[in-house]
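K.L.:
Sharing a model prediction with you, sequence too.
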Amino acid sequence: MIAEAERVFAPAARQALAAFGIEPAALRFVNLSENITFRATDARDGAQLVLRLHRPWYHDIAALRSEHMWTRALTRAGIAAPEPLLTPSGESFVQVEIAATGEWRWAGLARWVEGALLADVVAREPDAAANARHFARMGALMAAMHEQATGWVPPTGFKRHALDADGLMGEAPFWGAFWDHPVFSAAERAMLLDLRDRLRGALTRYGKPARTFSLIHADLHPYNVLVDGARAAVIDFDDSGFGWHQYDLAVALVAYQDHPDFAVFRDACVAGYRSVRGLSDPDLALLPMFLLIRDLAQMGWYHQRPELPRAEQALRLKERIFATAAGFAPPV
């Protein structure tokens, strides 16, 4: 699969690098997911770069440029994230053709961020206290991003999607109609529609207080956090948009809900967050609701991507959703 991905996408990657004025001394395929990622070495100075070929249907060019506006602002605020680069003519993205498929993709370039994936670090580390320190760093990193976002005025023309009550729990949520996944029976679908409406009502009543609603990463799971010694960095802002800070916390923690050290990880992440930015107890009390919302959004994503072999994951996710929903009462 890797060899085939390189064959299909490497020519376009080289074309994009040339448009950025880069002659690569090395070009290595990294990942095939929603976007196609390559790592390049600049022949001039050895700088390590990351090139992304964006999926054609997800974001238009205004939204892609806006993603780079925010990540550039984050790096200027001292937050470890990929620093976007420009073409010699000052463009953030170039469009390249994938000759093997006939499609066109926008390509963006940034500086490579070193580190090990937090998910891999946690999986290897048997000591809960050591892992808790990593989650505390992730919480502090998240809080620093929220602190920057709440004080930042986006430039004119800035465009990103909203993960608000409608974006998460509306009739056409951003990540798909989770209730229509074929893993659910007709009766279960009806239950989910009722749950969706109750969650949307709770989010609407909560509102969008400036203290907890701003630009968020929205996909800050431990595969998008890098650990390099005592330093933590964040990558992949493709899903970033306007949403609640507790949703970022939920994304960071949701995959560990069944882990025996979940409470330790959660408390460490929250403590790390609060070491940088305030989070009141009433606002934190909404975290279980956002964990459930993230699980539902994940099911919507599975439904949007039927080509991916996720049947086993969908069944496990279904079990957790209904186990959680059985004792869940959205805030009034």
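P.N.:
That came in fine, so what should we check first?
K.L.:
Which parts of this structure are strands?
P.N.:
Using DSSP state E, the strands of the chain run over 24-32, 36-42, 48-53, 93-98, 103-111, 116-117, 162-163, 213-216, 225-228, 231-234, 241-244.
K.L.:
what's the spacing between the lengthiest helix in the chain and its chain's center?
P.N.:
In terms of residue count, the longest helix belonging to the chain (DSSP state H) is helix 128-151. In this view, helix 128-151 has its centroid 15 Å away from the chain centroid, taken as Cα atoms, centre = their mean, to the nearest Å.
K.L.:
packing partners for that helix?
P.N.:
Counting contacts by 3 or more Cβ pairs under 8 Å, 6 or more residues apart in numbering; DSSP states H and E, helix 128-151 is packed against helix 61-76, helix 118-124, strand 213-216, strand 225-228, strand 231-234, helix 245-253, helix 262-274. To be clear about C-beta, it is placed using only N, CA and C from the backbone, and glycine gets the same treatment.
K.L.:
Pretty sure Leu74 sits against Met145.
P.N.:
Yes: contact criterion Cβ atoms under 8 Å: Leu74 and Met145 qualify, at 6.4 Å.
K.L.:
Which of these two has more residues huddled nearby?
P.N.:
Ranked by neighbour count (other Cβ atoms under 10 Å), Leu74 and Met145 place Met145 first, with 27 against 23.
K.L.:
from what I can see that one touches Val234, true?
P.N.:
Yes: with contact taken as Cβ under 8 Å, Met145 and Val234 are classed as touching, separated by 7.0 Å.
K.L.:
Could I get the contacting residues of the residue nearest to the spatial centre of the chain?
P.N.:
Nearest residue to the geometric centre of the chain (Cα atoms, centre = their mean): Asp219, 1.9 Å. Counting by Cβ atoms under 8 Å, 6 or more residues apart in numbering, Asp219 touches 236, 238-240, 251.
K.L.:
go on, Leu74?
P.N.:
81, 145, 148.
K.L.:
Count the neighbours of the first one for me.
P.N.:
It refers to Ala81. 24.
K.L.:
repeat for Thr75
P.N.:
Neighbours of Thr75 using other Cβ under 10 Å come to 17.
K.L.:
cool, and Leu284?
P.N.:
For Leu284, the tally of surrounding residues (other Cβ under 10 Å) stands at 16.
K.L.:
per-residue confidence for it?
P.N.:
With respect to pLDDT, Leu284 scores 98.
K.L.:
got any ranges where the protein has weak pLDDT?
P.N.:
For the chain, applying pLDDT under 70 flags the ranges 1-2, 306-309, 332.
K.L.:
domain parsing for it?
P.N.:
Listed by automatic domain parsing, the domain ranges of the chain are 2-111, 116-326.
K.L.:
Distance of Asp42 relative to Thr212?
P.N.:
40 Å (Cβ to Cβ, to the nearest Å).
K.L.:
actually Ala77, sorry about that
P.N.:
Using Cβ to Cβ, Ala77 is found at 19 Å from Thr212.
K.L.:
try Gly167
P.N.:
For Gly167 relative to Thr212 (Cβ to Cβ), the value is 16 Å.
K.L.:
Could you give the number of residues near the closest residue to Val276 other than its chain neighbours?
P.N.:
Nearest non-adjacent residue to Val276, counting by Cβ to Cβ, 6 or more residues apart in numbering: Ala143, 3.7 Å away. Using other Cβ under 10 Å as the criterion, Ala143 is surrounded by 23 other residues.
K.L.:
can you check Pro209 too?
P.N.:
Using other Cβ under 10 Å, Pro209 is surrounded by 10 other residues.
K.L.:
show me what contacts it?
P.N.:
Contacts of Pro209 by Cβ under 8 Å, 6+ apart: none found.
K.L.:
and it, backbone torsions?
P.N.:
With angles defined as degrees, to the nearest 10, Pro209 sits at phi -60, psi 140.
K.L.:
doesn't Thr75 make contact with Val113?
P.N.:
No: using Cβ under 8 Å, Val113 is not in contact with Thr75; the gap is 9.9 Å.
K.L.:
which residues do the two both contact?
P.N.:
81-82.
K.L.:
picking that back up, quick check: buried residues in the longest helix of the chain?
P.N.:
Buried positions in helix 128-151, judged by neighbour count with 16 or more other Cβ atoms under 10 Å: 131-132, 134-149.
K.L.:
Which residue is the nearest non-sequential neighbour of Ala12?
P.N.:
Closest residue in space to Ala12, ignoring its immediate chain neighbours: Val96 at 4.3 Å, by Cβ to Cβ, 6+ apart.
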